[in-house]
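Visitor: next one to model:
(2 chains)
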Amino acid sequence: MWGILRQKVVAGGGSPLVRIRPAVSALRSYSSAAKEMTVRDALNSALDEEMSADPKVFLMGEEVGEYQGAYKITKGLLDKYGPDRVLDTPITEAGFTGIGVGAAYYGLKPVVEFMTFNFSMQAIDHIINSAAKSNYMSAGQINVPIVFRGPNGAAAGVGAQHSHCYAAWYSSCPGLKVLTPYSSEDARGLLKAAIRDPDPVVFLENELLYGESFPVSAEVLDSSFCLPIGKAKIEREGKDVTITAFSKMVGFSLKAADILAKEGISAEVINLRSIRPLDRATINASVRKTNRLVTVEEGFPQHGIGAEICTSVVEESFGYLDAPVERISGADVPMPYAANLERLAVPQVEDIVRAAKRACYRSMPMAAAA
Amino acid sequence: MSSSTFFSSSSINTIKSSCFTTENHSSIIPTSSFLGSTHKLRFNPLTANSPTRFIKNRQTHIVAVSDVKQKQLKSTPFVGNLLITKEEGLELYEDMILGRTFEDMCAQMYYRGKMFGFVHLYNGQEAVSTGFIKLLKQQDCVVSTYRDHVHALSKGVPAREVMSELFGKTTGCVRGQGGSMHMFSKEHNLIGGFAFIGEGIPIATGTAFTSKYNRDVLKQADCDHVTLAFFGDGTCNNGQFFECLNMAALWKLPIVFVVENNLWAIGMSHERATSDPEIWKKGPAFGMPGVHVDGMDVLKVREVAKEAVERARRGDGPTLIECETYRFRGHSLADPDELRDPSEKAHYAARDPITALKKYMIENKLANEGELKAIEKKIDELVEEAVEFADASPHPDRSQLLQNVFADPKGFGIGPDGRYRCEDPKFTQGTAHV
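Guide: The predicted structure follows:
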């Protein structure tokens, strides 16, 4: 009975809890696209294939087994691989993250799921001190092939303690690799690369993207498909302004680019994919082409990803900039609950459009900030 | 004296037993053995009538271990009623002398400016390290804290490598990258060296998990390696400790949790910080045996350790062992050590494990003064040589700064031909079976 109920809920499109879906799904029809795949299925298939290819890969986390995953990402894996490889843990982030790191020291390849990355703060000592720094502290003797994955950033209506974005936190630490997929292709390719990678990888997903469908080519569906870590993707080419984004904001940036195109501004949208190592080469090459930059992120502004990108561009391509770098980020407040306030606290498509226009010196004087 | 009455649980001493049953060794009911320390034991490390006790987890049947030993050993007259042979005794003695001499040399070098930063010395606790680690195989794993020099030495890391590491030279066991608090050795399976207390416990649980996973999932039937996690009394109030007791018992992992209870966490005494200071009791609360042992007596520690390690190797799960021990020096070389009572220090100094073992070996005719002196001399020379080696070693090269941040910088793996895999055009051809 439970199984049927669950399937109904999943078929309904997503987690058991009510979510406000994005208004328009970011569907782009490429000419050769045959299949469509949701991000959830992409992650599930990536985990499935990697577990089947390498018996050292195992999953651990809360509700990953019998509950089929808090967001159904690990659906079906318990039945397929058994409880020895898909471990339901007690609610002890520090403990089980440390256990994962210890197992990785010894050659296994754990994939540790955090129900949301907010909970990773209980385990951050192990992510930073035991995992990230170990290869360096042991002079290369002990590497840690572990993946920490889970939803990151704002969902819808979940309040301040469940909406924090950790991209800036983890990407400031040397020894970690931080990945932020957007589409199904990103999700599959980057997760497979992360699992095969011999270093600790923090894999920041987004809950609202789980149910979104993206077209995937046959190459993406191949079981050896991997994307390189440290390379950004230019989602849309343009010549007037560069917009960098990651995760859900890529979708918003693409919509903004459509709107800008109607007004004669051709925006180049870069999907960062990898926050650490940051693909400075691609960003700088793009800025040198367009001469204007807008960085978009959902997290808090101070010491955020946009700040780092701006500095990188100023350091390397200052002479090419024709306008100050525009930085779009979430509001500098803990996330409010009320729906209208939440909308104000997170970047919207209009904010990106306005910022791009400002960068192009085509805007009205700025509207008052919240 | 007053601080140790917790551990002499008088209520248990008054219960006498009548017989010893062999079902103690079948693993249907987990047993917990209690070797309580009493006043009598403190100054005579091992006498034939030491009142030690055996307690079953869920029954009140109590037995004296010494009775067992006497019965068993009586059948092998050539061993007598001793717990060690001469070779074992000399090995234990040498290891403890190495630990002590090394740590004393560290103090000297620190005050001469050759070593710097945080250095935490192990003087006085050698019985725990020697008693446990000398029972292990090379594949068994030791996870330690920042007080890890002697754990490293007991596990087999050469003294010269440890000394070089402390001096920050490139010939150190981690090429000078870690220092006193971060000793790692893959070859000897020494995992840290962790500065945060409690950090090593989940890591140790993870390596024990790997052992079980190798056996159950990867079908390496002969993989029975055991992990020892060493940590202190202060750590036992930390959440991670309890989380791991739970998971280790839940999944029956081959791990032994060794508490080096030296009664002080820097300047915080154990009683001031803990609601129930008897740490061994926390084991049964999670479903594993909890044992208390006199950590100043290497032979007692060794007996308890043998049983716990065998338990883990058999697959019967974890054990929590509390060793009552003491550090003769301060928490670190920067600690003025003003809060500890001099009489307490004197009391434990009289229970020095090295002196105790020496006395035992001489009284039981296992060795004579000359042999023991020869060992001390040998170790002195070894440590001196280690210092010379470390002094003569070069500092790390500048290029070492950026090395080893990642195992693989391009995030993709280096293929068998030595080139980065992502540059190989054939890389996306499928190989996995789904």
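
Visitor: CA only for contacts and neighbour counts going forward, please
Guide: Fine.

Visitor: is the residue of the stretch 201-350 of chain A found nearest chain B in a helix, a strand, or coil?
Guide: Taking CA to the nearest CA, chain B has its nearest neighbour within the stretch 201-350 of chain A at A:S224, 4.7 Å off. Put simply, A:S224 is coil when judged by DSSP: H, G, I helix; E, B strand; the rest coil.

Visitor: next, count neighbours for it.
Guide: Neighbourhood size, A:S224 [other CA atoms under 10 Å in any protein chain shown]: 21.

Visitor: got phi/psi on it?
Guide: phi -100, psi 10 (degrees, to the nearest 10).

Visitor: before we move on, what about the one 10 residues further on?
Guide: Phi and psi for A:I234, reported as degrees, to the nearest 10, are phi -90, psi 110.

Visitor: now swap in the one 5 residues further on and tell me
Guide: Note on A:K239: its backbone torsions stand at phi -130, psi 0 [degrees, to the nearest 10].

Visitor: give me the neighbour count for it.
Guide: 15.

Visitor: report pLDDT for the closest residue in space to it that isn't next to it in sequence.
Guide: Nearest residue to A:K239, sequence neighbours excluded (CA to CA, 6 or more residues apart in numbering or on different chains): A:T290, at 5.0 Å. A:T290 carries a pLDDT value of 96.

Visitor: for A:T290, the count of nearby residues, please.
Guide: Around A:T290 there are 20 residues (other CA under 10 Å).

Visitor: and the residue of the stretch 251-400 of chain B nearest chain A?
Guide: Counting by CA to the nearest CA, the stretch 251-400 of chain B gets nearest to chain A through B:Q400 (9.2 Å).

Visitor: determine the three-state secondary structure at that residue.
Guide: Strictly by three-state DSSP, B:Q400 counts as helix.

Visitor: what parts of the stretch 201-350 of chain A come near chain B?
Guide: Contacts of the stretch 201-350 of chain A with chain B, taken as CA under 8 Å from any CA of the partner chain, map to A:E219, A:D222, A:S223, A:S224, A:F225, A:C226, A:P228, A:I229, A:G230.

Visitor: can you put those in TSV and add pLDDT?
Guide: Below are these laid out as TSV (pLDDT from 0 to 100):
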residue	pLDDT
A:E219	92
A:D222	92
A:S223	90
A:S224	90
A:F225	92
A:C226	92
A:P228	92
A:I229	92
A:G230	91
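
Visitor: ok, B:A195 touching B:H182?
Guide: Yes - shown here, B:A195 and B:H182 form a contact pair, counting by CA atoms under 8 Å, at 7.4 Å.

Visitor: neighbour count for the two, which is higher?
Guide: B:H182 (27 against 18).

Visitor: that one and B:L190 touch, don't they?
Guide: No - with contacts counted by CA under 8 Å, B:H182 stays clear of B:L190, the gap being 10.3 Å.

Visitor: what's around the residue in the stretch 101-250 of chain A positioned nearest to chain B, how many residues?
Guide: For the stretch 101-250 of chain A, the residue closest to chain B is A:G102, as judged by CA to the nearest CA, at 3.9 Å. Here the count is done by other CA under 10 Å, and A:G102 has 31 residues near it.

Visitor: next one: the host helix or strand of B:A229 to chain centre, how far?
Guide: Element membership of B:A229, judged by DSSP states H and E, is strand B:227-232. Computed by CA atoms, centre = their mean, to the nearest Å, the chain-centroid distance of strand B:227-232 equals 6 Å.

Visitor: and the helix or strand that that strand is followed by, what's buried?
Guide: Toward the C-terminus, strand B:227-232 is succeeded by helix B:239-250 as the next helix or strand (DSSP H and E). The neighbour-count check on helix B:239-250 (16 or more other CA atoms under 10 Å in any protein chain shown) flags B:Q240, B:F241, B:F242, B:E243, B:C244, B:L245, B:N246, B:M247, B:A248, B:A249 as buried.

Visitor: next SSE downstream of helix B:239-250?
Guide: Next along from helix B:239-250, by DSSP H and E: strand B:255-261.

Visitor: strand partners of that next one, parallel vs antiparallel please.
Guide: Its sheet considered, strand B:255-261 pairs with strand B:227-232 (parallel), strand B:319-324 (parallel) by DSSP bridges.

Visitor: picking up where we left off before, the helix or strand containing the residue of the stretch 101-250 of chain A closest to chain B - contacts with which helices or strands?
Guide: Assigned by DSSP H and E, A:G102 belongs to helix A:93-105. Judged by 3 or more CA pairs under 8 Å, 6 or more residues apart in numbering or on different chains; DSSP states H and E, helix A:93-105 is in contact with strand A:57-61, strand A:109-113, helix B:200-216, helix B:239-250.

Visitor: which one of these lies nearest to A:G150?
Guide: Minimum separation from A:G150 across these (CA to CA) falls at strand A:109-113, 5.5 Å.

Visitor: so what does the closest one touch, helix or strand wise?
Guide: Strand A:109-113 packs on strand A:57-61, helix A:93-105, strand A:147-151, going by 3+ CA pairs under 8 Å, 6+ apart.

Visitor: deepest-packed of these, please.
Guide: Between these, helix A:93-105 has the highest mean count of neighbours, a mean of 30, where neighbours are mean count of other CA atoms under 10 Å in any protein chain shown.

Visitor: hmm, who's touching that helix?
Guide: A:60-61, A:89, A:109-112, A:114, A:119-120, A:122-127, A:130-131, A:142-146, B:199, B:201-210, B:240, B:243-244 (CA atoms under 8 Å, 6 or more residues apart in numbering or on different chains).

Visitor: near chain A, which residues of the stretch 151-300 of chain B are found?
Guide: B:174-175, B:177-178, B:182-186, B:199, B:201-210, B:213, B:216-218, B:240, B:243-244, B:247.

Visitor: any idea where the strands of the chain begin and end?
Guide: All of this refers to chain A. A:35-38, A:57-61, A:86-88, A:109-113, A:147-151, A:177-179, A:201-205, A:213-216, A:233-236, A:241-245, A:267-271, A:274-276, A:293-296, A:326-328 (DSSP state E).

Visitor: actually chain B
Guide: Using DSSP E, strands in chain B cover B:31-34, B:53-56, B:62-63, B:141-143, B:184-185, B:190-191, B:227-232, B:255-261, B:264-265, B:268-269, B:290-294, B:319-324.

Visitor: sorry, back to before: make a markdown table out of the residues of the stretch 201-350 of chain A next to chain B and add distance to B:S154.
Guide: Below are these laid out as a markdown table (distance: CA to CA, whole Å):
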| residue | distance to B:S154 |
| --- | --- |
| A:E219 | 53 |
| A:D222 | 50 |
| A:S223 | 47 |
| A:S224 | 45 |
| A:F225 | 47 |
| A:C226 | 44 |
| A:P228 | 43 |
| A:I229 | 41 |
| A:G230 | 42 |
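
Visitor: and those, which are buried?
Guide: A:D222, A:S223, A:S224, A:F225, A:C226, A:P228, A:I229, A:G230.

Visitor: can you give me every residue that contacts the fifth one?
Guide: A:C226 makes contacts with A:R188, A:G189, A:L190, A:K192, A:A193, B:T428, as judged by CA under 8 Å, 6+ apart.

Visitor: just among those residues, which is most surrounded?
Guide: A:R188 leads the contacts of A:C226 on contacts (other CA under 10 Å) with 27 neighbours.

Visitor: quick check: the gap between the residue nearest the centre of chain B and B:C236.
Guide: Chain B has B:S129 as the residue nearest its centroid, 4.3 Å off, counting by CA atoms, centre = their mean. Look at B:S129 and B:C236: by CA to CA, to the nearest Å, they are 19 Å apart.

Visitor: for A:T242, which of the strands paired with strand B:255-261 is the nearest?
Guide: So among these, strand B:227-232 is nearest, using CA to CA, at 52.4 Å.

Visitor: would you mark the buried spots in the closest one?
Guide: So strand B:227-232, judged by 16+ other CA under 10 Å, has buried residues B:T227, B:L228, B:A229, B:F230, B:F231, B:G232.

Visitor: how about stretch B:322-337?
Guide: Per 16+ other CA under 10 Å, stretch B:322-337 contains these buried residues: B:E322, B:C323, B:E324, B:T325, B:Y326, B:R327, B:F328, B:R329, B:G330, B:H331, B:S332, B:L333.
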